[in-house]
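Trainee: This is the structure alone, sequence omitted:
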């Protein structure tokens, strides 16, 4: 169980997650599970990549190993090529582990391709940067690989995904897309959502993990101290928002009372 958030912004993309893993059978949990992986775990030379996911850390970690093995030889020129490798990797995991592969295993990847080919004259160039949700193979025998869905704005997964999407839906619509955010703003939004979800979801918790990937292929993992500082600043701002809302409700009540007395 977990919460994962991905945001596309005008400067690139941000992927964030909590770090809790729960064991319901023994009634214990860990708060230091690695859930957000960077390019260094894949040894790819022609892409920069972020991967995170839902389900157990063992399954996510094994997926990382298989993706790295499958992606060692290919020459990636488009983000979709990487997504195809991840689809195939989830299919391999299904063949190997069968029912042991939890149904809630889903992956999210952010990809930047360094060698994206130029567009033909009159054609729209292929994007070098993309964000994908990859769902595990279904139970039917005909579906032997995962399914990679391209994300156009934001996405959320895991047990806390529903609440995360609710928070993001309140902030963004067609008039206010995530594509208008700077990288700094997107980082703060992602931290805010993860921190809020961990307050209410029993299966989410621990320090927030976050990696950003810019439009020119620069990958940065935010350090725990920096994330804690952002979270503290957001808590103060949230208190101000709550106070403004209380004042708004008080003004409405006073206005209605005045109308009733007239």
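Mentor: Done, it's in. On a predicted model such as this, the values are computed, not experimentally measured, just so you know.
Trainee: For the nearest residue to residue 224 once chain neighbours are set aside, give me its contacts.
Mentor: Nearest non-adjacent residue to residue 224, counting by CB to CB, 6 or more residues apart in numbering: residue 207, 5.5 Å away. C-beta here means a position set from N, CA and C on the backbone, and glycine is covered the same way. Residue 207 makes contacts with 18-19, 31-32, 224, 227-228, as judged by CB atoms under 8 Å, 6 or more residues apart in numbering.
Trainee: Check the secondary structure at residue 207 for me.
Mentor: coil (DSSP: H, G, I helix; E, B strand; the rest coil).
Trainee: Count the neighbours of residue 201 for me.
Mentor: 21 (other CB atoms under 10 Å).
Trainee: show me where the stretch 51-200 of the chain has strands.
Mentor: 106-113, 129-135, 147-151, 154-158 (DSSP state E, counting those that start in this stretch).
Trainee: Would you reformat those as JSON lines and include distance to residue 64, mean pLDDT and mean neighbour count?
Mentor: Listed next are the strands of the stretch 51-200 of the chain as JSON lines, based on distance: least, CB to CB, whole Å; pLDDT from 0 to 100; neighbours: other CB atoms under 10 Å:
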{"stretch": "strand 106-113", "distance to residue 64": "9", "mean pLDDT": "96", "mean neighbour count": "26"}
{"stretch": "strand 129-135", "distance to residue 64": "13", "mean pLDDT": "96", "mean neighbour count": "22"}
{"stretch": "strand 147-151", "distance to residue 64": "16", "mean pLDDT": "94", "mean neighbour count": "16"}
{"stretch": "strand 154-158", "distance to residue 64": "16", "mean pLDDT": "96", "mean neighbour count": "25"}
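Trainee: CSV please, covering those and showing distance to residue 38.
Mentor: Converted to CSV, those look like this (distance: least, CB to CB, whole Å):
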stretch, distance to residue 38
strand 106-113, 10
strand 129-135, 15
strand 147-151, 19
strand 154-158, 18
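Trainee: Going through the contacts of residue 207, which ones are buried?
Mentor: In those, burial by neighbour count holds for 18-19, 227, counting by 16 or more other CB atoms under 10 Å.
Trainee: quick check, nearest of those residues to residue 155?
Mentor: residue 18 (15.5 Å; CB to CB).
Trainee: quick one, helices of the stretch 51-200 of the chain?
Mentor: Along the stretch 51-200 of the chain, counting by DSSP state H, counting those that start in this stretch, helices occupy 57-70, 79-97, 161-171, 183-200.
Trainee: Quick one, which of the ones you listed gets closest to residue 24.
Mentor: helix 57-70 (15.0 Å).
Trainee: pLDDT (mean, whole number) over the closest one?
Mentor: Helix 57-70 shows a mean pLDDT of 93.
Trainee: Could you pick out the longest helix of this protein?
Mentor: helix 224-261 (DSSP state H).
Trainee: what angle sits between that one and helix 183-200?
Mentor: Helix 224-261 runs at 80 degrees relative to helix 183-200, counting by axes from the mean of the first three to the mean of the last three CA atoms, to 10 degrees.
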